[in-house]
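> what follows is a predicted protein model with its sequence.
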Number of protein chains: 2
Amino acid sequence: MEHIRKLAELAKKASGALSELSSDKKNEILLSIADALEENRESILRQNAVDMEEAKSRHMTAALLDRLMLNEKRIHAMAAGMRKLAALDDPIGKVIGGGTAACGIKIIKKRVPLGVVGLIYEARPNVTADAIGVCLKTGNAVVLKGGSEAVHSNREIARISVRAGEKAGLPAGAIAMIGDTTREAGTYMMQLREYIDVLIPRGREGLIQAVVKNSTIPVIETGAGNCHVFVDASADPDMAAAIVINAKTSRPSVCNAIENLLVHKDIAPTFMPRILAELKQHGVEVRGCERTRAYGDVTPVTEEDFYTEFLDYIIAVKIVDSVEEAVRHINKYGTKHSEAIVTSSFSNAAYFERAVDAAAVYVNASTRFTDGEVFGLGAEIGISTQKLHARGPMGLEEMTSYKYIVEGNGQIR
Amino acid sequence: MEHIRKLAELAKKASGALSELSSDKKNEILLSIADALEENRESILRQNAVDMEEAKSRHMTAALLDRLMLNEKRIHAMAAGMRKLAALDDPIGKVIGGGTAACGIKIIKKRVPLGVVGLIYEARPNVTADAIGVCLKTGNAVVLKGGSEAVHSNREIARISVRAGEKAGLPAGAIAMIGDTTREAGTYMMQLREYIDVLIPRGREGLIQAVVKNSTIPVIETGAGNCHVFVDASADPDMAAAIVINAKTSRPSVCNAIENLLVHKDIAPTFMPRILAELKQHGVEVRGCERTRAYGDVTPVTEEDFYTEFLDYIIAVKIVDSVEEAVRHINKYGTKHSEAIVTSSFSNAAYFERAVDAAAVYVNASTRFTDGEVFGLGAEIGISTQKLHARGPMGLEEMTSYKYIVEGNGQIR
């Protein structure tokens, strides 16, 4: 554990130097890392193969294997992500407010880095590269703790990034990868308030809740997406079916995929048989409420299912009596991530937008759009499901803080 | 404890209705509360007298008694604060971003309330009125837990606010005052994640650290102000002395008062005798480093003193060799609140501004200016010393979150 403290302490030291690097220097570092990731793609793929083999021997689901797997295309995507970051505006140092107070002091509100960002995450090794890129661009040092399932891939990506970064002028210690993937190492890391300014967990609900409960470092909750589509009585059935199938099956392992379908009782007699058939065609297991089960051969749904982020080809289905009931259900079981209504009713759309408590509320579109890229943030380090600091996709600005600079000529109060 | 859970649950319910009140209705409620506080000033003063008597019998310091004491003027100031809030712009519902994505979906980023704000605070009973005002203005329900020393004053202010507010249309349960002032009640409250969205501790370092360590609700750290003035070699001695005396003695019990003086060794021979004399004149006890003690009859300072927010007529003094040493000292012992340099050197000023990690960094002005009013926020619910969400004085916008509304006509991804 002393080793983890040492890494965090070095990251804190590096963050001072890092916060003073020019935008050009930071971009040069990002471009060097991008090149290095591509040049070393074979060694990354070799390490990923080790992880994949172990994962298969542990019988991981196909959805989880998909999250873990790297290929040439995905490595190019990581490198392209770094290059894209280099091309974006640097938020650090921007003056975002201020003025001259009555007594004559000048106040300048200025964006500064957060300092040291800690990331505890699972599975997807491309998160390692994304996190390094976003943190360096915003002048933050980063302490990474990936999951055991991706340990070989993560270490290799970090090792390559450190080497290429430092050659281009990155302060030593600014990128730290914790080798110890045990839960104890994570719990220890969560107490290092002295060195780590913000902790971002990315992964499944269990991981995120453990971080929220145990961390004394301020946390940004991310990612757990127990999302719903509600098909209202007045929905266009073709549109509703297309949205449900897209939101459930286009990539079930990601957080903006849906896990639940709510259907208004008045449209159920025509819509339910059709959507059950389409879901079956797409290989989705349906777990339904009693009324749903009247429409087909459906497993009974449990209370537990309504709380579960399946991240798989499984969906919980419930027939509701009203838009109000749908909203109550969503606010009770959802994780405040992305929630959709399909409706032709202006007033029901407005009510749903207002009453659903979530980062992104959709009318007549798929929840799959919740994404930093689509929302115009240019980059994304995760999707916040809390209300403090950042909500929804987090890009560069969300990885900054600010400070007030006050200049006078002797003013006292 | 069941009683506390019930209050929080009711506040959560009320927050839904509260978030939908019009700006006019919220202002009407604030004005009604302002009138009621003034009309009932005698009963508030009677309850405050009970608190004051108990405090005196427990031999509280003069500084703490000053924080606790209410008089007609302070009650008028509470009411004036409410009226001022009513006159301010309502941040809720403001569109703060958005656009149309390539696929045609319309994205609207909109300010929304945080939901339920929990406040755990000590001493000053006017915080009760301030917190109620700021929370209602921003559409948030509020759960208050004041300290035992102000329990009679706090209960009376809350009781009057609830009665007047509800008469004007405030949803029942939107203002909750926890009667139980024990530490256990506070710890229990910190676990009510289901109902409370944000927890703001206000008070001394010990209270704030207890909340940070034990809360599973996201916390905004506030207020602990272990602040410094650094008198550089090139400082104008008159300006430096005026700033030190003002920052230390104009109101020692508040968080933007200084607790420490750092003096550059080159100016010490002339500046130190003078400032020691002035501090003595103002009744300030000096605890100094060995080099400081060469200049007068000064108590030896301890490591512990450098970490302490005295909130009293006590100051820790240290002679340093350079601006770099001053910055290192501040970043080690400070609480990231307000830090000042007095200097004639442009480059030392720039270095200090950049390198000191604090919410407000001052050049040639008193730290006492760190205040929502002075910084143009119109209102203040506390001063954040963390980097997440809000830093420095928190006004209305800092008490909000946002949500993304996405409207389409069937887009899928």
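Arrived safely, thanks for sending.
> alongside chain B, which residues does the stretch 301-413 of chain A contribute?
Residues of the stretch 301-413 of chain A lying close to chain B (Cβ under 8 Å from any Cβ of the partner chain) are A:349, A:353-355, A:357-366, A:368-370, A:374-376, A:386-389, A:391-392, A:401-413. For every residue, glycine as well, the C-beta is placed using N, CA and C.
> of those residues, which belong to strands?
A:360-365, A:392, A:401-411 (DSSP state E).
> drop anything exposed from those.
The neighbour count (16 or more other Cβ atoms under 10 Å in any protein chain shown) marks A:360-365, A:392, A:401-408, A:410-411 as buried among those.
> so what pLDDT did A:A141 get?
Note for A:A141: predicted pLDDT of 98.
> tell me, how many residues neighbour it?
Applying other Cβ atoms under 10 Å in any protein chain shown, we find 32 residues neighbouring A:A141.
> what does A:D297 give?
Neighbours of A:D297 (other Cβ under 10 Å): 9.
> phi, psi for it please.
Torsion angles at A:D297 (phi, psi; degrees, to the nearest 10) stand at phi -80, psi 90.
> so A:I160 touches A:R41, yeah?
No. Between A:I160 and A:R41 there is no contact under Cβ atoms under 8 Å: 9.6 Å.
> where does the prediction get shaky in the stretch 151-300 of chain A?
Regions of the stretch 151-300 of chain A meeting the criterion pLDDT under 70 are absent.
> which stretches in it count as strands?
A:175-177, A:198-202, A:227-231, A:258-264, A:285-288, A:299-300 (DSSP state E, counting those that start in this stretch).
> ok, now which ones touch A:G97?
A:K109 (Cβ atoms under 8 Å, 6 or more residues apart in numbering or on different chains).
> now do the SS call for it.
Here A:G97 is recorded as strand under DSSP: H, G, I helix; E, B strand; the rest coil.
> please tell me the pLDDT value assigned to the nearest residue to A:D232 once chain neighbours are set aside.
Spatially, and ignoring its direct neighbours in sequence, A:D232 is nearest to A:T343 (3.7 Å; Cβ to Cβ, 6 or more residues apart in numbering or on different chains). Reported pLDDT at A:T343 in the predicted model: 98.
> so A:T343 sits against A:S234, correct?
Yes. Using Cβ under 8 Å, A:T343 makes contact with A:S234 at a distance of 5.6 Å.
> how much space between A:F352 and A:I245?
For A:F352, the distance to A:I245 (Cβ to Cβ, to the nearest Å) stands at 21 Å.
> these two: who's more crowded?
Using other Cβ under 10 Å, the more surrounded residue of A:F352 and A:I245 is A:F352, with 25 against 18.
> and the more buried one, what is it in contact with?
A:F352 neighbours (Cβ under 8 Å, 6+ apart): A:230, A:323, A:326-327, A:339, A:341, A:343, A:361, A:363.
> what residues sit buried inside stretch A:19-33?
Buried, per 16+ other Cβ under 10 Å, within stretch A:19-33: A:19, A:21, A:23, A:26-33.
> out of these, flag the one nearest to chain B.
Within the buried residues of stretch A:19-33, distances to chain B taken as Cβ to the nearest Cβ reach their minimum at A:S19, with 8.1 Å.
> can you check the pLDDT for the closest one?
Value listed for A:S19 in the pLDDT field: 93.
> ramachandran angles for it?
phi -70, psi -20.
> now do it against A:V406, distance only.
For A:S19, the distance to A:V406 - Cβ to Cβ - is 19 Å.
> tell me which of A:T343 and A:S234 has more neighbours.
Taking other Cβ under 10 Å, A:T343 and A:S234 do not tie; A:T343 has more neighbours (24 against 15).
> ok, now which ones touch that one?
By Cβ under 8 Å, 6+ apart, A:T343 lies in contact with A:232, A:234-235, A:323, A:349, A:352, A:363-364.
> do A:Y195 as well
Counted by Cβ under 8 Å, 6+ apart, A:Y195 has contacts A:5, A:8-9, A:11-12, A:116, A:143.
> next: A:V198.
Contacts for A:V198 (Cβ under 8 Å, 6+ apart) come out as A:114-118, A:217-220, B:387-388.
> mind listing what's buried in the helix or strand hosting A:I330?
Assigned by DSSP states H and E, A:I330 falls within helix A:323-333. Neighbour counts over helix A:323-333 (16+ other Cβ under 10 Å) mark A:323, A:325-327, A:329-330, A:333 as buried.
> show me which of those is closest to chain B.
A:V327 (9.9 Å).
> now for the nearest residue to that closest one once chain neighbours are set aside, how many residues are close by?
Closest residue to A:V327 apart from its sequence neighbours, by Cβ to Cβ, 6+ apart: A:A355 at 4.7 Å. Using other Cβ under 10 Å, A:A355 has 18 neighbouring residues.
> can I assume A:A355 is in contact with B:A17?
No. If you go by Cβ under 8 Å, A:A355 and B:A17 don't touch, sitting 10.8 Å apart.
> for the residue in the stretch 101-250 of chain A that chain B sits nearest to, grab the count of nearby residues.
The stretch 101-250 of chain A approaches chain B most closely through A:N246 (3.6 Å), counting by Cβ to the nearest Cβ. Counted with other Cβ under 10 Å, residues neighbouring A:N246 total 21.
> next up, the contacts around it.
Residues near A:N246 by Cβ under 8 Å, 6+ apart: A:366, A:368, B:412-413.
> now the helices for the stretch 251-400 of chain A?
Taking DSSP state H, counting those that start in this stretch to define them, one finds helices in the stretch 251-400 of chain A at A:268-281, A:290-293, A:303-307, A:323-333, A:346-355.
> could you check the angle the last one makes with strand B:400-411?
In this case it means helix A:346-355. 140 degrees (axes from the mean of the first three to the mean of the last three Cα atoms, to 10 degrees).
> likewise the fourth one?
Following the same axes, to 10 degrees, one obtains 120 degrees for the angle between helix A:323-333 and strand B:400-411.
> just checking, what packs against helix A:323-333?
Applying 3 or more Cβ pairs under 8 Å, 6 or more residues apart in numbering or on different chains; DSSP states H and E, we find helix A:323-333 packed against strand A:227-231, strand A:258-264, helix A:303-307, strand A:314-320, strand A:338-342, helix A:346-355.
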